[in-house]
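**Q** Sequence and computational prediction follow.
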Amino acid sequence: MIELTGNSLTIEDVVAVARHGARVAPLSENVRDRMQRSRDWVDAALRQEGKLIYGVNTGFGSLATQQIAADQARQLSRNVVLVCACGVGRPLPAEIVRAMITIRVNMLAKGHSGVRPVVAQTLVDMLNAGVTPIVPSKGSLGASGDLAPLAHIAVVMTRDIACDVEDKDGGYSGQAWLGDERFNAAEIIPGAEAMAAAGIDRLILEAKEGLALTNGMDFMSAAGAVAVHDAENLLRHAEIAAALSTEALLGLSAAFHPAIHATGGQSGQQKTAGNIRKLIEGSRLVDSDSGRVQDAYSLRCIPQVLGPIRDVLAFLRQSFTVALNAATDNPLIFLDLPDEPLGRAISGGNFHGQGPAMWLDILGIALAEAAGIAERRVFRLLTPELSAGLPAMLVPTSGLDSGLMMVQYTAAALVSDNKTLAHPDSVDSIPSCANQEDHVSMGANAARHALEILDNVRHVIAIELLAAAQGIDLRPDGPAHLGRGTAAAYAAVRERVSFMVHDRATTSDIEALADLIHSRELLEAVRDAVGIDFD
């Protein structure tokens with residue numbers, strides 16, 4: 001049971017709710033009180049003659065100079081939800097949408113958004129009931145936050161103000177998945193039907209609430225939280241795969257000596273080198289080629305390439321954890337400022353996604369390098385002139401059989417794809433909203449690209465595991481000569497994928513190993529064998 005207080009949400013909490021179906025606790029009394037005080041201030045301000053508050057009784061963006069009558073404030077809230085529901089493209093994964101909802105509840109719980117507690121509780125109820133809005137993946141500039149993605153969530157939970165008289169079904173409701181928390185049995189139905197089936201009432205929004213549901217950087221933060229969690233897991237598997245390739249290629253252990261990395265002074269580099277040493281400890285394959293004094297960079301420089309990725313992920317974990325607990329709405333309501341005893345709504349730009357945009361770009365660049373160096377080791381394993389005597393294409397009958405030749409093609413294609421995807425989105429900007437929003441972050445594009453890079457890298461690491469295990473089997477008594485950690489990794493790989501004797505289709509092999517990485521079963525097998533702490 002995850003409790004959302006506005007101040008203590010973690011990346012692990014987000015993943016637990018988004019991916020594993022952890023239930024969210026009802027809003028606490030303290031949170032409800034905090035939200036209600038903020039709501040009461042908005043209601044009181046709305047009754048004050050001549051008091052203008054952006055998005056409460058004014059238009060939005062470049063239309064902020066247009067005053068809206070108090071009796072039209074509810075319609076204004078519904079309108080902003082409808083007008084922002086303009087996304088296109090394939091739907092975001094259900095777990096990303098659930099992460100967005102979790103983050104939005106946590107932000108509303110801070111009590112700076114001026115919304116009723118029932119708004120946040122409705123989102124909690126949707127999470128617990130498995131109502132997950134269909135959110136198109138494209139359409140956000142990451143400027144006033146993720147307007148379009150958030151609107152496609154809000155439109156499911158809200159209804160037209162005239163619905164009781166003119167529109168019995170509550171008006172446009174988008175679409176939603178309705179199914180179990182893992183979405184294995186989910187079906188897509190109209191949002192109103194999903195809410196009705198779950199027994200959750202759609203809300204008529206009050207003043208400010210439409211803006212509070214659409215303004216913020218929740219898609220960027222959700223993608224960042226999930227991606228950091230998965231990237232940390234992927235990096236650990238990248239170290240395991242690198243160690244397994246080092247075994248198959250009869251690599252030299254000197255490159256991982258602690259003295260070298262101590263002089264480098266980089267903490268991630270030292271950690272990666274230490275992990276490789278533990279994984280290959282006890283090996284009789286490593287250091288067995290007496291005619292070599294040093295390895296190629298793809299082996300020798302594993303710590304210098306993967307180590308900095310560790311450092312980047314540590315920074316990103318800290319940054320996204322702060323973002324998960326930030327107030328990114330606009331305007332924000334402050335009731336306890338020392339110089340504003342009556343409270344004040346302050347317009348600013350916490351919704352601007354420049355930070356997450358840069359963080360997600362950095363994540364994509366870092367992960368792309370993990371795949372780049374892994375693919376070079378795969379190539380080396382397949383090439384007799386580079387592999388210390390392994391048969392061409394890692395198959396006993398080279399020529400008649402092409403072995404893993406084409407698998408390296410796939411890895412190369414994914415690595416090249418990453419080079420395009422890793423081009424930084426955060427340096428781009430297209431002005432919008434009559435130049436009111438004249439600098440935007442493009443952080444939503446960075447989020448999509450980072451998630452795609454993550455998937456590509458997972459498959460490249462799976463390919464390296466496939467090739468390294470094949471190379472070890474082609475060494476005389478190879479499996480028996482492995483280190484303790486690499487032996488456990490090899491055994492886990494072979495439980496999923498068999499040795500290739502003759503040519504066969506390998507898509508299912510690659511996907512099986514990608515699933516093995518994602519499930520963390522390989523990681524746990526290695527930890528159990530050698531007690532290694534990858535963190």
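**A** Okay, I see it. Numbering: from 1, shown residues only.

**Q** now the strands: where do they sit in the chain?
**A** 88-91, 131-133, 136-138, 175-178, 187-190, 332-334, 344-346 (DSSP state E).

**Q** Looking at the ones you listed, spot the one closest to residue 13.
**A** Nearest of those to residue 13, taken as Cβ to Cβ: strand 131-133 at 17.6 Å. Placement of C-beta: from N, CA and C, glycine included.

**Q** other SSEs contacting the closest one?
**A** On a contact count with 3 or more Cβ pairs under 8 Å, 6 or more residues apart in numbering; DSSP states H and E, strand 131-133 meets helix 94-108, helix 147-157, strand 175-178, helix 191-198.

**Q** nearest to residue 375, of those?
**A** It is, among these and with distance given as Cβ to Cβ, helix 94-108, at 27.3 Å.

**Q** between the helices and strands packed on strand 131-133, which one is nearest to residue 300?
**A** Closest of these to residue 300 is helix 94-108, at 38.1 Å (criterion: Cβ to Cβ).

**Q** what stretches of the chain score poorly on pLDDT?
**A** By pLDDT under 70, the weakly predicted segments of the chain are 62, 64, 163-169, 180-186.

**Q** any idea how it splits into domains?
**A** Domain ranges of the chain: 11-216, 223-326+353-530, per automatic domain parsing.

**Q** Run a quick neighbour tally on residue 229.
**A** Per other Cβ atoms under 10 Å, the neighbour tally for residue 229 reads 21.

**Q** Equivalent analysis for residue 384, please.
**A** For residue 384, the count of nearby residues is 12 (other Cβ under 10 Å).

**Q** what about the residue lying closest to it once chain neighbours are set aside, how many neighbours?
**A** Nearest residue to residue 384, sequence neighbours excluded (Cβ to Cβ, 6 or more residues apart in numbering): residue 392, at 5.1 Å. By other Cβ under 10 Å, 16 other residues sit near residue 392.

**Q** now for the domains of the chain, which one comes closest to residue 346?
**A** Of all the domains of the chain, domain 11-216 sits nearest to residue 346, with 9.4 Å by Cβ to Cβ.

**Q** First residue to last residue on that closest one, what's the distance there?
**A** 18 Å (Cα to Cα, to the nearest Å).

**Q** before we move on, what about stretch 334-352?
**A** This stretch, stretch 334-352, spans 20 Å end to end (Cα to Cα).

**Q** now stretch 54-61
**A** Chord length of stretch 54-61, first to last residue, is 9 Å (Cα to Cα).

**Q** what's that stretch in contact with?
**A** If you take Cβ atoms under 8 Å, 6 or more residues apart in numbering as the criterion, stretch 54-61 is touched by 42, 45-46, 51-52, 64-70, 73, 76, 80, 114, 144, 207-208, 211, 215, 330-331, 345, 347, 433-434, 436-437.

**Q** ditto for stretch 314-326
**A** With Cβ under 8 Å, 6+ apart as the test, stretch 314-326 has contacts from 6-11, 14, 103, 106-107, 110, 217, 220-221, 224-225, 228, 231-232, 268, 350, 355-356, 359, 362-363.

**Q** at 7 Å instead, please
**A** With contact meaning Cβ atoms under 7 Å, 6 or more residues apart in numbering, stretch 314-326 is reached by 6-7, 9-11, 14, 103, 106, 221, 224-225, 228, 350, 355-356, 359, 362-363.

**Q** what's the answer for stretch 348-365, then?
**A** So stretch 348-365 is contacted by 142-145, 215-217, 220-221, 223-224, 227, 231, 312, 316, 319-320, 323, 326-328, 330, 332, 421-422, 424-426, 441-443, 446-447, 449-450, 453 (Cβ under 7 Å, 6+ apart).

**Q** Which among those count as buried?
**A** Among the contacts of stretch 348-365, the ones that count as buried by 16 or more other Cβ atoms under 10 Å are 142-145, 215-217, 220-221, 223-224, 227, 231, 312, 316, 319-320, 323, 326-328, 330, 332, 421-422, 424-426, 441-443, 446-447, 449-450, 453.

**Q** Those residues in helices, which ones?
**A** Under the assignment DSSP state H, those contribute 220-221, 223-224, 227, 231, 312, 316, 319-320, 323, 421, 443, 446-447, 449-450, 453 to helices.

**Q** and the gap between the closest residue in space to residue 404 that isn't next to it in sequence and residue 211?
**A** Of all residues not flanking residue 404 in the chain, residue 394 sits nearest, at 4.8 Å (Cβ to Cβ, 6+ apart). Between residue 394 and residue 211 the distance, using Cβ to Cβ, to the nearest Å, works out to 58 Å.
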